[in-house]
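J.: build me a model:
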Amino acid sequence: MSRRRAVRAPASPYTTHDKHAQRAPAVEASRSASHEDHSGKERKGHVPSVAGPPDRQSAEHAPDHDTDTARAVEHMLDVYTGQRVRDARTVDPLFSQEVAERVRLFALRGGKRMRARFAWWGWRAGGGSPIGKGAESALRLGAALELIQTCALIHDDVMDGSSLRRGSPALHVEFADNHVRSGMRGDHNAHGRAAAILAGDLALAWADDLVADILTGSANREHVQRLWRAMRGEMVAGQYLDMRAQADGSSTTDRALRIACLKTALYTVERPLALGAALAGADGRTTSALCSAGRSAGIAFQLYDDLLSVFGDSSVTGKPSGEDIRAGKLTYLTAVARTLSEEAGDTSARHVLNRSLGDPSLSGAGLDELRRTLEHTGARRATEREIDRLVSDSQEHLLRAALSASVHGRLSALIGSVVGMPLAYRVPDSDVVR
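T.: Numbering: from 1, shown residues only. Modelled structure (predicted):
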């Protein structure tokens, strides 16, 4: 097969550097080491206790939160949601059993804990200690981020009509199934959607309550609260623009990047880093470097997620392949494909794109044809190169922060891990333009 000329994707308006042709070594290392973290499968095994006041623990016997932040956050999440379920029981036992307990189990059911981990490393980058009461507050902040993510995922599945989440039935499907099993009256699907919206609202309320608890008496309360409020608004704005783009047929890369920035980059990476740093009382130079690094990494994360939606293995991602294509979502990948096909005068590719995007009944064969078109136009390769550029930019921004070698290395590896899961449908090496 003949080699095609590499086509450069339109540059992101949110980053300024474009001179790295190779990935940073830490990124390559994290790609090979982070498969489990992107699995979407439920994490199994004992969650280690973080019992006792952390400030009374000796350094020798204190848990190593740097090494396994996710489990430490899960412990905090387990303890906090368990108490909230007990609180709900005093309000009404049925509500506690059918709604609060489902929210708790959903929050504890796997996930990458990416936001919580970025918050932790924002805390550490800002000078926060890995042990003590401050560290406990940082872990609880991570738990609050997991709860706001629980709200976002539950509502997202309702809006998208997704039946699966993390390899299990989406929450609105669980509620609908319970409606049928219990012999309730009315439309079971409508009941499931309405109940899931309430469950998502409850998760958001728990998240806000936990942040309020964390900040009681904190010297950095106002700064953290300001960031938390901004993040919630940005998340909703990103979700709305995503939905709006589906309805109005937007297809530009600028619009796709704007959505990626609001919906993912700020919410998933930049704001969690900034929240952790603010809780630690980080200086302006460190905070600025972390935010710049986080935005580039967060956009890369969304672009990689767009690739996974089309080329990922659903048995690993936990979601049906091609779901975003059938829903007609605007992604950077498809926007680049449209741009490149128009520039090349490729009417066949444009026809496939127009026919496939937004077709809810798109068959497996039709999805395979779209995949080939995304390969043929160079859109996939251009998106992968943009991801690499963004991750390299993120690593460069990180160098501007005054971090210890240990913190820099851990945070650098975490940034690389956001694009660490291999794709199921790979281009043969002979076809790749180096």
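J.: CA atoms for contacts and neighbours, from now on please.
T.: Fine.
J.: next, name the residue at the spatial heart of the chain.
T.: Central residue check for the chain by CA atoms, centre = their mean: the C-alpha nearest the mean position is that of residue 268, 5.2 Å away.
J.: which ones are touching the residue lying closest to it once chain neighbours are set aside?
T.: If the residues on either side of it in the chain are set aside, residue 268 comes closest to residue 115, at 5.4 Å by CA to CA, 6 or more residues apart in numbering. For residue 115, the contacting residues are 142, 145, 146, 268, 269, 272, taking CA atoms under 8 Å, 6 or more residues apart in numbering as the criterion.
J.: wait, isn't the residue nearest to the centre of the chain in contact with residue 112?
T.: No - contact status for residue 268 versus residue 112: not in contact, 11.1 Å apart, counting by CA atoms under 8 Å.
J.: return the backbone torsion pair for residue 305.
T.: Here the main-chain torsion angles of residue 305 (degrees, to the nearest 10) amount to phi -60, psi -40.
J.: which of the contacts of residue 115 sits closest to residue 122?
T.: Residue 122 lies nearest to residue 272 out of the contacts of residue 115, by CA to CA, at 7.2 Å.
J.: what packs against the helix or strand containing that closest one?
T.: Remark: residue 272 resides in helix 271-280, with elements defined by DSSP states H and E. Contacting helix 271-280 under the criterion 3 or more CA pairs under 8 Å, 6 or more residues apart in numbering; DSSP states H and E are the following elements: helix 114-125, helix 133-160, helix 221-248, helix 284-311.
J.: what's the closest of the ones you listed to residue 354?
T.: Closest to residue 354 of these, according to CA to CA: helix 221-248, at 13.3 Å.
J.: all strands for the stretch 51-200 of the chain, in order.
T.: Counting by DSSP state E, counting those that start in this stretch, the stretch 51-200 of the chain has strands at residues 164-165, 168-169.
J.: looking at these, which one is packed in the most?
T.: Ranked by mean neighbour count, the strands of the stretch 51-200 of the chain are led by strand 164-165 with a mean of 18 (mean count of other CA atoms under 10 Å).
J.: so how far is it off the chain centroid?
T.: How far strand 164-165 lies from its chain's middle: 15 Å, per CA atoms, centre = their mean, to the nearest Å.
J.: check what contacts it and list those residues.
T.: Outside strand 164-165, the residues touching it (CA under 8 Å, 6+ apart) are 157, 170, 318, 319, 320.
J.: narrow the residues you listed to those in helices?
T.: residue 157 (DSSP state H).
J.: one step back: and the strands of the stretch 51-200 of the chain, which one is worst for confidence?
T.: Taking each of these in turn, the lowest mean pLDDT turns up on strand 164-165, with a mean of 86.
J.: just for this protein, where's the confidence low?
T.: Judged against pLDDT under 70, the low-scoring parts of the chain cover residues 1-63, 318, 420-434.
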